[in-house]
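Q: with the input below, show me the fold.
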Amino acid sequence: RKDLFNAVKGTYVDPDKQWQPTDFPFVTNPTYEAQDGGEQIFKDIELPYTTGPQAAQRIAKLILEKARQGLMATLPVNHS
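A: Residues are numbered from 1 along each chain as shown. As a prediction, this is how the structure comes out:
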């Protein structure tokens, strides 16, 4: 549960505000929110090398999708 989230918010650096950290609009997925009982669970990220809100939102969406759709596979092999 501690690693589960369905929304991502955070900061990027804004060149129009003397390179100060600025919040970008959060990214969420209503399907994931419904799977979590209608509760928004945020992950907070910092993007110190991102200079635009659109790029920050794209990165946040990638982080959200990767976390929710990750797969784990075990492949037993031998050396022969």
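Q: adjacent strands (with direction) for the helix or strand hosting Asp44?
A: If you go by DSSP states H and E, Asp44 is part of strand 42-47. Strand 42-47 sits in its sheet next to strand 7-14 (parallel), going by DSSP bridges.
Q: quick check: what element follows the partner strand along the chain?
A: strand 20-28.
Q: pLDDT averaged over that next one - what is it?
A: In this model, strand 20-28 carries a mean pLDDT of 97.
Q: and that strand with strand 7-14, angle?
A: 150 degrees (axes from the mean of the first three to the mean of the last three CA atoms, to 10 degrees).
Q: would you mark the buried spots in strand 20-28?
A: Within strand 20-28, the residues that qualify as buried are 24, 27-28, counting by 16 or more other CB atoms under 10 Å. Placement of C-beta: from N, CA and C, glycine included.
Q: what of stretch 35-44?
A: Lys43.
Q: how far off centre is it?
A: Relative to its chain's centre, stretch 35-44 lies at 12 Å (CA atoms, centre = their mean, to the nearest Å).
Q: how about stretch 17-37?
A: That offset, for stretch 17-37, works out to 8 Å (CA atoms, centre = their mean).
Q: flag the shaky bits of the chain, pLDDT-wise.
A: For the chain, the stretches flagged by pLDDT under 70 are 1.
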